[in-house]
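>>> for reference, the sequence and a predicted model appear below.
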Amino acid sequence: MNYKPLLVILIFGLFYTNAQQKSEISFKEVKHKYGCRNCYGSIVVSKGSAVDTIYGGQWGNTVNYKLVKINKKDYIHTSYNYGFAMGESYMIHKILSLDEDIFLESVFEKEIKIYQETHRKYNGIPTNFIFEREVQVSIKNGIEFDIKLVVSYCPEVEDEPCDQLFEESYIEFFKIN
């Protein structure tokens with residue numbers, strides 16, 4: 001029996017499989033057609049023969065995303081903010097794998113409350129207590145959050161300014177791999 005044609009097919013199959021694994025990563029954004037507050041957008045991610053979808057965002061928009069390299073490996077970093085009535089806002093950050101065996105699985109996820117407003121009476125005066133976080137994100141050998149927290153109170157009295165109760169800055173770092 002002649003094994004040469006089978007050997008040629010096997011070699012081409014290996015080249016094709018290897019090319020598929022090392023192929024480019026592509027993204028296709030899909031906005032939700034209604035654009036409601038709780039309507040997610042989606043991003044279809046393709047890498048070779050692997051295809052999957054990232055859902056998230058608000059008002060029909062997709063999450064913010066970018067391709068990042070951490071410790072010589074490719075990942076997708078996604079982020080978006082969402083809020084609730086009554087004065088609460090959150091920031092979500094995820095790092096998703098592009099490895100073939102765990103394609104688009106989350107290897108890191110963090111939710112940070114960036115704003116909260118609470119109404120209380122303070123010394124008999126209606127007052128809003130405000131918790132605000134400014135967050136700067138950088139990606140190095142992991143993901144780093146440089147966070148500045150400011151807590152203020154604002155009396156609901158005309159011409160009465162808000163007062164800052166305290167301010168705190170800190171860094172949170174999460175190693176990836």
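Everything's here; your move.

>>> state which strand of the protein is the longest.
Ranked by residue count under DSSP state E, the longest strand found in the chain is strand 106-122.

>>> so after the helix-or-strand element of the chain with minimal mean pLDDT, what's the next helix or strand?
Confidence across the helices and strands of the chain bottoms out at helix 4-21, with a mean of 57, counting by mean pLDDT, DSSP states H and E. Sequence-wise, the next helix or strand beyond helix 4-21 is strand 25-30, with elements assigned using DSSP states H and E.

>>> contact partners of the following helix or strand past that next one?
Going down the chain from strand 25-30, the next helix or strand is strand 41-47, by DSSP H and E. With C-beta atoms under 8 Å, 6 or more residues apart in numbering as the test, strand 41-47 has contacts from 23-32, 51-57, 60-63, 65, 76, 98, 100, 103-104. Any C-beta I mention is one placed from the backbone N, CA and C, and that applies to glycine too.

>>> just the buried ones from these?
32, 54, 56-57, 60-63, 65, 76, 98, 103-104 (16 or more other C-beta atoms under 10 Å).

>>> any chance of TSV for those, columns pLDDT?
As requested, the buried ones among the contacts of strand 41-47 are arranged in TSV below (pLDDT from 0 to 100):
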residue	pLDDT
32	81
54	91
56	84
57	81
60	80
61	83
62	89
63	91
65	93
76	95
98	93
103	93
104	92
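
>>> could I get these as TSV with distance to residue 166 and secondary structure?
Listed next are the buried ones among the contacts of strand 41-47 as TSV, based on distance: C-beta to C-beta, whole Å; DSSP: H, G, I helix; E, B strand; the rest coil:
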residue	distance to residue 166	secondary structure
32	40	coil
54	38	strand
56	33	strand
57	33	coil
60	38	coil
61	35	coil
62	37	coil
63	32	coil
65	35	strand
76	36	strand
98	41	coil
103	44	coil
104	40	coil
